[in-house]
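Visitor: next one to model:
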Amino acid sequence: MTTLLEIKGAEKRYSDQLLLDRTTVALPQGCKIGMVGRNGAGKSTLIRALVGEEELDAGEVLRHPRLQLGYLRQHDPFLPGECVLEFLMRDSEKAEWQCGEVAAEFALSGEKLTTAIDTLSGGWQTRVKLAALLLHQPNMLLLDEPTNFLDIRTQLLLEHFLKHFRGGCLIVSHDRSFLKATCTHTLELLRGKLSLFPTDIETYVQQKQERREHDQRVNAATLAKRKQLETFIQKNRANANTASQARSKKKQLEKLNLLEEETDEKRVRFHVPETDLRRGTALRCSGLAIGYENHPVADAIHLEIEHGQCTVVVGDNGQGKTTLLRTIVDSLPPLDGTCGWGHGCKIGIYAQHVYSTLPPEQTIFDYLDSCRGPETSTQTLLDIAGSFLFGGSAIEKKISVLSGGERARVCLAGLLLAPHNVLVLDEPGNHLDVETVESLAEALIAYQGTVILTSHDRHFVSRVADSVIEVKDGTATLYPANYEAYLHRIEVECNEVSGAESNSKREKGKRKEKKGRGRNVRKELAALERKINSRDNERKVVQQRLLETRDPLIAEKAHAELTELQAEISELESQWLELDQES
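Guide: Here you go, the predicted structure:
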């Protein structure tokens, strides 16, 4: 298989942190690869190096001459006020009809093509970027966290696009469901080294755990055997009758080697607040209308959430999920109706963009100290900071030098320092790596309080959610089934849309094929007519020769030739009639 892209002896260091340690990996043509690694491991740095936006300290990136690289940009490449069609034509330098044809594959048609891009939601803007990618006809795509802030429908559309994309791709994502659906290989970045596994993300995780357990069992057996041999040697080396056996056992002991076990990197350990399991209604909304001044978002909302439940708020981007959460925690006043919490509810809030509003001049300790309740000791604060990987001198780091993932962890640590019995979490998994999201899921499963959250990470929500509230078409309703049932309904809707688009493409293909066939038929008819005329002229010449000759041998030969020509002309005329009926 042709290697389109190769990283050879790559080294990259930031300050005292080694991200890439003389590592090498080849990315084969047509492979769909999911890249995993801890926050700060260097995944985004590697992507930037592959597209030429960042220089390596050592090593090189080798690109095949046939490589056509497509990069899904995280920044917005749009001009102010630019409409969809204008951007696609400017970005791709393709004709209007070509841009419109590709845009239609992402449901960008009609009025959407002339809509200003800066008025579209993040999900629709991602569709525009995907259409632009496709217009460049790449054979390998690089996507860095493509599902962040995308609603489920747009995620499914992106999945459908990647499944049917004929080239290869390298995808960095913390969303295990997305990687499982789109990738057949897994690229691991661990301690500066890249390793490519020919398995999907779920098999990779399972095999890695099985390999670790196997190595532990083998080493345990080796240690037991070593102890047994050492005991025998100790007892028998001084005895003349058994000294030779002791020497033999010593040789066996020298051959016993332990396997090098892969040690786990430090993992975030969430200590959710301990709380008594309460009964009854935690939240009641009656006739609630939400939104902003002169801009209502949803109304006629009637909800009841019981204590101890984990409820996920779902819906397409722009429908009002975050607006609903802001209203129920009194961050935004309701436009109408009532919204009230049950007696004794102590609410902890994690907002979607709160990590970007942390005081940059404070240290991690200063911020956590401002978050803790009076009953939380300094030692408890240090323990929780350590469980979030801010142990030792790291707790004195200033917030200004932290990455997005580290800031998100600081926010979550601060949230868990007070004894909340209700947690309201808006996209808590964004900017967290796979292992940290998994730890958060395990903590929420064990938590006895009430949780209301939004998240587009299907694997995470499937694990924690008990009930679903859907925000759609100007209202919010409690969905009478679990999250899996909701997902199934959305997938059916998306498949129907994809099926309709596929049928449309097939019909278009049939019309195109029929049109092409019509042209071919006309060409074949013209060729047959020329051939018939040619054979008919030959027949007339032979007939004339037959009439004029007096030689019986020549007459016999001419008669045979005439019979053959007449048969061929009849066959050609039959073919002409059949083709004429098709045209």
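
Visitor: next helix or strand past the least confident helix or strand in the chain by mean pLDDT?
Guide: Every helix and strand in the chain was compared by mean pLDDT, DSSP states H and E; the lowest is helix 483-548, with a mean of 71. Stepping forward along the backbone from helix 483-548, the first helix or strand reached (DSSP states H and E) is helix 552-582.

Visitor: in that next one, what counts as buried?
Guide: Buried residues in helix 552-582, counted by 16 or more other CB atoms under 10 Å: Ala558, Glu561, Leu562, Leu565, Ile569, Leu572, Trp576, Leu579. Quick note: C-beta positions are derived from backbone N, CA and C, even for glycine.

Visitor: and if you look at stretch 344-353?
Guide: Going by neighbour count (16+ other CB under 10 Å), the buried part of stretch 344-353 is Cys345, Ile347, Gly348, Ile349, Tyr350, Ala351, Gln352.

Visitor: quick one: contacts of that stretch?
Guide: Stretch 344-353 has contacts (CB atoms under 8 Å, 6 or more residues apart in numbering) with 273, 278, 282-283, 322, 329, 331, 341, 411-412, 415-416, 418-428, 430, 450, 454.

Visitor: any of those buried? List them.
Guide: Buried subset of the contacts of stretch 344-353 (neighbour count, 16+ other CB under 10 Å): 273, 278, 282-283, 322, 329, 341, 411-412, 415-416, 420-428, 430, 450, 454.

Visitor: ok, Cys411 touching Thr357?
Guide: No: judged on CB atoms under 8 Å, Cys411 makes no contact with Thr357 at a distance of 9.3 Å.

Visitor: nearest residue to the residue nearest to the spatial centre of the chain in space, please, no chain neighbours.
Guide: The chain has Phe178 as the residue nearest its centroid, 4.0 Å off, counting by CA atoms, centre = their mean. Nearest residue to Phe178, sequence neighbours excluded (CB to CB, 6 or more residues apart in numbering): Thr147, at 5.2 Å.

Visitor: and for that neighbour, the neighbour number?
Guide: For Thr147, the count of nearby residues is 24 (other CB atoms under 10 Å).

Visitor: from Asn533, how far off is Ile569?
Guide: 10 Å (CB to CB, to the nearest Å).

Visitor: ok, Lys249 - contacts?
Guide: Residues near Lys249 by CB under 8 Å, 6+ apart: Leu229, Phe232, Ile233, Asn236.

Visitor: closest to Glu375 among these?
Guide: Closest approach between the contacts of Lys249 and Glu375, by CB to CB: Leu229, at 55.6 Å.

Visitor: if I look at that closest one, how far off is Thr222?
Guide: Counting by CB to CB, the gap from Leu229 to Thr222 is 11 Å.

Visitor: what sits in contact with each of these two?
Guide: Common neighbours of Leu229 and Thr222 (CB under 8 Å, 6+ apart) are Leu256.

Visitor: between these two, point out the one with more neighbours.
Guide: Leu229 (19 against 14).

Visitor: burial of Asp433, as a residue count?
Guide: Asp433, neighbours per other CB under 10 Å, totals 20.

Visitor: now swap in Lys250 and tell me
Guide: 14.

Visitor: and the buried residues of helix 552-582, which is closest to Thr23?
Guide: Leu579 (63.0 Å).

Visitor: mind listing what the closest one touches?
Guide: Val521, Glu524, Leu525, Leu528.

Visitor: quick one, phi/psi of Gly291?
Guide: phi 150, psi -160 (degrees, to the nearest 10).

Visitor: and it, how close does it get to Asp369?
Guide: 37 Å.

Visitor: what about the two, which has more around it?
Guide: Gly291 (19 against 15).

Visitor: just checking, Phe561 touches Val541?
Guide: You called it Phe, but residue 561 is Glu. No: if you go by CB under 8 Å, Glu561 and Val541 don't touch, sitting 9.7 Å apart.

Visitor: common neighbours of those two, please.
Guide: With CB under 8 Å, 6+ apart as the test, Glu561 and Val541 reach no residue in common.

Visitor: could you tell me how many residues sit around Ser534?
Guide: 12.

Visitor: do Arg38 as well
Guide: Applying other CB under 10 Å, we find 20 residues neighbouring Arg38.

Visitor: how about the strands in the stretch 101-250 of the chain?
Guide: With DSSP state E, counting those that start in this stretch, the ranges of strands along the stretch 101-250 of the chain come out as 140-144, 168-172, 185-190, 193-197.

Visitor: so can I have a markdown table of these showing distance to Lys472, mean neighbour count and mean pLDDT?
Guide: As requested, the strands of the stretch 101-250 of the chain are exported to a markdown table (distance: least, CB to CB, whole Å; neighbours: other CB atoms under 10 Å; pLDDT from 0 to 100):
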| stretch | distance to Lys472 | mean neighbour count | mean pLDDT |
| --- | --- | --- | --- |
| strand 140-144 | 28 | 23 | 90 |
| strand 168-172 | 29 | 23 | 92 |
| strand 185-190 | 35 | 20 | 92 |
| strand 193-197 | 39 | 15 | 92 |
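
Visitor: closest one to Lys397 among those strands?
Guide: strand 185-190 (22.9 Å).

Visitor: how far does the closest one sit from its chain's centre?
Guide: Per CA atoms, centre = their mean, to the nearest Å, the displacement of strand 185-190 from the mean C-alpha position of its chain is 14 Å.

Visitor: what about the protein, any weak spots by pLDDT?
Guide: For the chain, applying pLDDT under 70 flags the ranges 1, 73-75, 149, 261-268, 271-274, 352-356, 480-481, 496-519, 581-583.

Visitor: how is it partitioned into domains?
Guide: 3-204, 205-255, 281-480, 492-582 (automatic domain parsing).

Visitor: and for Arg539, the neighbour number?
Guide: Counted with other CB under 10 Å, Arg539 comes out at 17.

Visitor: from what I can see it touches Leu565, true?
Guide: Yes: in this structure, Arg539 is within contact of Leu565 by CB under 8 Å, at 4.5 Å.

Visitor: re earlier: distance to Leu547 added to the strands of the stretch 101-250 of the chain, as JSON lines?
Guide: Below are the strands of the stretch 101-250 of the chain laid out as JSON lines (distance: least, CB to CB, whole Å):
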{"stretch": "strand 140-144", "distance to Leu547": "74"}
{"stretch": "strand 168-172", "distance to Leu547": "74"}
{"stretch": "strand 185-190", "distance to Leu547": "80"}
{"stretch": "strand 193-197", "distance to Leu547": "83"}
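
Visitor: hang on, the earlier thing: between the buried residues of helix 552-582, which is nearest Arg489?
Guide: When the buried residues of helix 552-582 are compared against Arg489 (criterion: CB to CB), the nearest one is Leu579, at 50.8 Å.

Visitor: quick one: the closest one from Ser534, how far?
Guide: Leu579 is 18 Å from Ser534, by CB to CB.
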